[in-house]
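Colleague: A structural model of the following input is requested.
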Amino acid sequence: RFHLNAPPKLHHLRGRYPGLPVTADFVFQFGSVSKMVTAFLLIEALADRGLDLETPVVAVAPDLAASNDLAFHKVTIRQLLNHTSGLDSQWWADMGVGEGARRAAARAIVAQPLIARPGDLFSYSNSGYVLAGYLTEVLTGQPWEDFAEARIALYLGDHSLSARAERVLMRPVARGHATPPSKDHSALPAARWYAPAALAPGGGLAGTPQDLARLVRVLRGRLGPDDRPALVPTIGWRFAGWAPGIARYRLGETAFAWGHDGTTAGQACAVRLCERRPETVVVAANAAWTAPAIGRLAEDILRSLTDTSGPTTAAEPLEGYEDWILPPEIDPSGRYARLNAMLTVARAPDSALLLTEVYSPQDALNWFGTRPASTIDPIRTSVRLQQQAPHSYAAPGKELHILRHPEAAARLYVHDGMRASPKSSRTWY
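Modeller: Numbering: from 1, shown residues only. Prediction:
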């Protein structure tokens with residue numbers, strides 16, 4: 001872990017060479033922490049051209065006007081970066097490498113129907129950040145990876161950050177692990193490098209945590225958390241709002257942090273910047289199952305550094321979405337779908353909810369380190385969630401909220417605090 005006002009402290013994790021202690025030169029994958037950098041790069045590219053975040057996406061990339069959804073023409077760059085564009089979360093396909101790969105990915109993404117009207121609903125979207133990377137390429141005339149390395153170098157000088165595996169692997173690399181060890185087997189190494197090249201702006205950067213901490217000091221000024229940027233309301237208990245490229249977290253009754261979490265097929269990362277104070281924490285681990293914990297660890301470190309104490313009472317889980325509250329007489333049971341998962345919800349007699357999630361074969365590989373034997377018998381998880389508030393349910397490590405679109409009574413959603421999944425008429429997996 002690192003914070004900027006003290007020498008780095010390094011845990012001895014295992015890298016590509018078992019038993020070799022981690023040093024400041026070891027590279028980790030950052031996963032979705034990359035989105036902070038992607039937002040920064042796009043903001044820089046816009047400023048270089050005299051544009052701002054209110055610019056419509058199709059004004060920068062007219063080729064995306066061929067979207068199948070007319071409402072997409074109204075999506076602004078700000079909405080891409082604060083996850084209110086209405087794009088589905090997890091479009092995932094390997095479009096290869098080289099010139100045109102990211103453009104092909106962007107065009108395929110906008111061919112998908114929106115799950116909500118732009119600006120209506122917070123729903124975390126990797127797809128939106130693939131588009132952000134493509135817009136950066138259009139604005140700069142360079143591959144996103146090249147612009148990223150060069151622009152970061154303007155601020156940091158020599159650095160290790162890159163989305164190109166061939167550059168990252170020139171350094172000592174922490175080997176990722178997808179599933180934890182048990183009494184029967186050792187930890188399962190990650191099956192692949194995380195993201196196809198075209199999708200790297202959503203989660204493909206890697207580098208040393210020390211260099212990431214150096215860059216985060218720059219991002220503090222460019223993403224503006226100390227200036228309290230415009231926030232969109234989020235859903236659930238985890239966040240205290242979201243701004244372009246960066247989330248807000250509650251540390252105490254009046255204390256907040258900003259940052260992002262990231263998970264790859266075998267690694268996890270978290271960044272936290274204390275609001276209106278200089279302390280910054282970066283935590284990286286080469287074990288994907290640590291992801292739920294390391295964000296909280298980063299926050300605990302900040303609390304210790306800043307002597308912050310007291311309860312961290314969160315806002316009501318649907319604050320800001322009062323018009324979306326589902327009437328109590330409506331049964332939310334049924335199937336809900338997003339691109340990478342199918343969710344089945346059923347009411348239990350004791351007011352609990354039973355949730356079953358069926359993962360796409362690609363997500364099975366990403367998060368569980370294996371492909372199902374066949375799509376006839378896919379990987380699925382089941383959990384029982386207890387009611388915590390009207391229309392809000394929770395279990396250890398899981399939350400779920402039921403929403404209804406205020407202008408379309410038949411349009412129901414389940415929201416896990418990150419992503420919204422609309423109710424589907426599909427009867428198959």
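Colleague: Residue 392 bridge partners, please.
Modeller: Beta bridges link residue 392 to residue 389, residue 401 when assigned by DSSP bridges.
Colleague: Can you pull the poorly scored residue ranges out of this protein?
Modeller: Within the chain, the segments meeting pLDDT under 70 span 1-20, 194, 310-314, 361-378, 427-429.
Colleague: Now do the helices in it.
Modeller: Secondary structure of the chain (DSSP state H): helices located at 34-48, 57-60, 77-81, 101-110, 126-140, 144-156, 165-168, 209-223, 291-306, 361-368.
Colleague: Which one, of those helices, ends up nearest to residue 350?
Modeller: helix 291-306 (25.9 Å; C-beta to C-beta). C-betas here are computed from N, CA, C, even on glycine.
Colleague: Report the buried residues of the closest one.
Modeller: Neighbour-count burial for helix 291-306 flags 291, 294, 295, 297, 298, 299, 301, 302, 303, 305 (criterion: 16 or more other C-beta atoms under 10 Å).
Colleague: How about stretch 408-419?
Modeller: Buried-residue list, stretch 408-419, by 16+ other C-beta under 10 Å: 412, 413, 414, 415, 416, 417, 418, 419.
Colleague: Next, the contact list for the first one, please.
Modeller: Contact criterion C-beta atoms under 8 Å, 6 or more residues apart in numbering gives 326, 330, 332, 334, 336, 402, 403, 404, 405, 422, 423 as the residues in contact with residue 412.
Colleague: For residue 343, which of the helices of the chain is the nearest?
Modeller: For those, the distance to residue 343 is smallest for helix 361-368, at 12.6 Å, taking C-beta to C-beta.
Colleague: returning to what we had before: between all of the buried residues of stretch 408-419, which two are separated the most?
Modeller: Top of the distance list for the buried residues of stretch 408-419 (C-beta to C-beta): 412 and 418, 17.8 Å.
Colleague: Give me the distance between the residue of the chain positioned farthest from its centre and residue 334.
Modeller: Within the chain, the residue lying farthest from the chain centre (C-alpha atoms, centre = their mean) is residue 349, at 34.4 Å. Noted for residue 349: a distance of 18 Å to residue 334, by C-beta to C-beta, to the nearest Å.
Colleague: can I get the buried residues of stretch 408-419 in TSV with distance to residue 175?
Modeller: Shown next, in TSV, are these (distance: C-beta to C-beta, whole Å):
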residue	distance to residue 175
412	42
413	38
414	35
415	34
416	29
417	30
418	27
419	29
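Colleague: What about those residues, which are in strands?
Modeller: Among the buried residues of stretch 408-419, the ones falling in strands (DSSP state E) are 412, 413, 414, 415.
Colleague: nearest to residue 210, of those residues?
Modeller: residue 415 (36.0 Å).
Colleague: Isn't the closest one up against residue 235?
Modeller: Yes - in this structure residue 415 lies within contact range of residue 235 using C-beta atoms under 8 Å: 4.8 Å.
Colleague: which residues do these two both contact?
Modeller: Common neighbours of residue 415 and residue 235 (C-beta under 8 Å, 6+ apart) are 401, 403.
Colleague: Around residue 130, how many other residues sit close by?
Modeller: If you count neighbours by other C-beta atoms under 10 Å, residue 130 ends up with 30.
Colleague: now residue 387
Modeller: 14.
Colleague: And residue 226, by the same measure?
Modeller: So residue 226, with other C-beta under 10 Å, has 15 neighbours.
Colleague: again, but for residue 386
Modeller: 12.
Colleague: Against residue 394, how distant is it?
Modeller: 6 Å.
Colleague: Pull the most distant pair out of the buried residues of helix 291-306.
Modeller: Using C-beta to C-beta, the two most remote members of these are 291 and 305, lying 22.3 Å apart.
Colleague: Tell me the buried residues in stretch 37-55?
Modeller: By 16+ other C-beta under 10 Å, the buried positions in stretch 37-55 come out as 37-46, 51, 53, 55.
Colleague: repeat for stretch 150-158
Modeller: Applying 16+ other C-beta under 10 Å to stretch 150-158 flags 151, 152, 155 as buried.
Colleague: Tell me who's in contact with the second one.
Modeller: I take that to be residue 152. Contacts of residue 152 (C-beta under 8 Å, 6+ apart): 37, 159, 161, 215.
Colleague: Quick check: the gap between it and residue 36.
Modeller: According to C-beta to C-beta, residue 152 stands 12 Å off from residue 36.
Colleague: Give me the phi and psi for residue 235.
Modeller: phi -120, psi 140 (degrees, to the nearest 10).
Colleague: Just list the residues touching it, thanks.
Modeller: Going by C-beta under 8 Å, 6+ apart, residue 235 touches 122, 317, 318, 321, 401, 403, 415, 417, 420.
Colleague: What of residue 44?
Modeller: Going by C-beta under 8 Å, 6+ apart, residue 44 touches 151, 222.
Colleague: Tell me the spacing between it and residue 407.
Modeller: Per C-beta to C-beta, residue 44 is found 37 Å from residue 407.
Colleague: for residue 319, same thing?
Modeller: Separation of residue 319 from residue 407 (C-beta to C-beta): 20 Å.
Colleague: quick one, which of those two is more surrounded?
Modeller: Shown here are residue 319 and residue 407; by other C-beta under 10 Å, residue 319 has more neighbours (12 against 9).
Colleague: For that one, which non-adjacent residue is closest in space?
Modeller: residue 233 (6.4 Å; C-beta to C-beta, 6 or more residues apart in numbering).
Colleague: Turn the buried residues of stretch 150-158 into CSV, columns for distance to residue 29.
Modeller: As requested, the buried residues of stretch 150-158 are exported to CSV (distance: C-beta to C-beta, whole Å):
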residue, distance to residue 29
151, 20
152, 16
155, 21
